[in-house]
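J.: when you get a sec, could you give me coordinates for this:
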Amino acid sequence: MFRNMYDTDVTVWSPEGRLLQVEYAMESVKQGSACIALRSNTHSVIGALKRSVSELSSHQQKILEIDDHLGIGIAGLTADARTLAKWMRNECLNHKYVYGTAMPTGRIATDLADRHQRTTQTYVRRPYGVGLLLASHDKGGPHVYQTCPSGNVYECYATAIGARSQSGRTYLEKHLDEFAESSKDDLIMHALRALVGCVGGDGELTKENGSVAFVGKGENFTMIEGDELKPYLDRLELEGGNNAGADEEEKEGDDEDEDAMET
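T.: As a prediction, the model looks like this:
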């Protein structure tokens, strides 16, 4: 029995008990550029690497605002992420209209995972080829959630997804104990240090290909890009930390040619 006998439809089980189309969708997340999220006792931060199709094009957005208290980072197919972001914004608006308060992050994370999961049981649809990191601050404090095409959802202290994200995860695991008491600026610096190891080849983290966002108590979801990101990159440069080639501790073996649709 060959593998391609069971990967033509998402509802067909293989003899090993696997849904191959779902696994393929999860592979598209691994091909996307890296995205990192972490939280302290007061703030949640997302950091992401942006990718451009060519030198003549602008970089694609990797961090999207959903509501004043919530934003997402994406790895995978950008078009799928835009569809999910539009749905999440509608859900947040509807909740605020009905209840007069911001939608709890745990509820929208679970609803999002259910939306992912429904596509794995319907033969006329394919799974979403994107993984999302949710960063928020609500009545329960700061939160970080991760979702994947299989429909699983995880609440995390810190996590990383996308190409070469193992290096970022290694950094986050090593410094996990420092995050809880970190200030907003220190948390942003941790995110940038973790991102440096995810930059491919001899590249560097710059104000063009990097982006960061934060949210905290009394602070709405705020993006930091371009010139606003430069002071943090200068601080990183003074530390001698913006050298991707030297700082990568581990690499995933997924350096194939990336499709322009993936980010």
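J.: for the protein, which strand is longest?
T.: If you go by DSSP state E, the chain has its longest strand at strand 130-138.
J.: thought Gly71 was touching Ala48?
T.: No: between Gly71 and Ala48 there is no contact under CB atoms under 8 Å: 10.5 Å. Every residue, glycine included, has its C-beta placed from N, CA and C.
J.: what touches both of the two?
T.: Listed as contacting both Gly71 and Ala48 by CB atoms under 8 Å, 6 or more residues apart in numbering are Ile63.
J.: ok, those two, which is more surrounded?
T.: Shown here are Gly71 and Ala48; by other CB atoms under 10 Å, Ala48 has more neighbours (31 against 25).
J.: surely that one is in a helix?
T.: No: Ala48: not assigned to a helix; according to DSSP: H, G, I helix; E, B strand; the rest coil it is strand.
J.: from what I can see it touches Ser33, true?
T.: Yes: at 7.2 Å, Ala48 counts as touching Ser33 under the criterion of CB under 8 Å.
J.: and for those two, which residues touch both?
T.: Common neighbours of Ala48 and Ser33 (CB under 8 Å, 6+ apart) are Lys62.
J.: helices of the stretch 151-263 of the chain, start to end?
T.: Assigned helices in the stretch 151-263 of the chain, in chain order: 165-174, 176-179, 184-196, 230-238, 244-247 (criterion: DSSP state H, counting those that start in this stretch).
J.: as a markdown table, those helices with distance to Val22 would be great.
T.: A markdown table is the format used below for these (distance: least, CB to CB, whole Å):
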| stretch | distance to Val22 |
| --- | --- |
| helix 165-174 | 19 |
| helix 176-179 | 30 |
| helix 184-196 | 28 |
| helix 230-238 | 37 |
| helix 244-247 | 31 |
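J.: closest to Ala79 out of the ones you listed?
T.: Ala79 lies closest to helix 165-174 among the helices of the stretch 151-263 of the chain, at 21.2 Å (CB to CB).
J.: which elements pack onto the closest one?
T.: For helix 165-174, the packing partners by 3 or more CB pairs under 8 Å, 6 or more residues apart in numbering; DSSP states H and E come out as strand 35-39, strand 158-161, helix 184-196.
J.: which helices and strands does the last one pack with?
T.: Where contact means 3+ CB pairs under 8 Å, 6+ apart, helix 184-196 is packed against strand 35-39, strand 43-49, helix 165-174, helix 176-179, strand 210-216, helix 230-238.
J.: which residues sit against that helix?
T.: Helix 184-196 has contacts (CB under 8 Å, 6+ apart) with 34, 36-40, 42-43, 45-49, 160, 167-168, 171-172, 175, 178-179, 182, 204-205, 210, 212, 214, 216, 219, 224, 232-233, 235-236, 241-244, 247.
J.: just the buried ones from the residues you listed, in PyMOL syntax?
T.: To isolate in PyMOL the members of these that are buried, counting by 16 or more other CB atoms under 10 Å, one can use:
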select buried, resi 34+36+37+38+39+40+42+43+45+46+47+48+49+160+167+168+171+172+179+182+204+205+210+212+214+216+224+232+233+236+241+242+244+247
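J.: any weak-confidence spans in the stretch 101-250 of the chain?
T.: 241, 243-250 (pLDDT under 70).
J.: mind running it again at 80?
T.: Applying pLDDT under 80 to the stretch 101-250 of the chain picks out residues 124, 200-203, 240-250.
J.: how far off centre is the longest strand of the chain?
T.: On the basis of CA atoms, centre = their mean, to the nearest Å, strand 130-138 sits 7 Å off its chain's mean C-alpha point.
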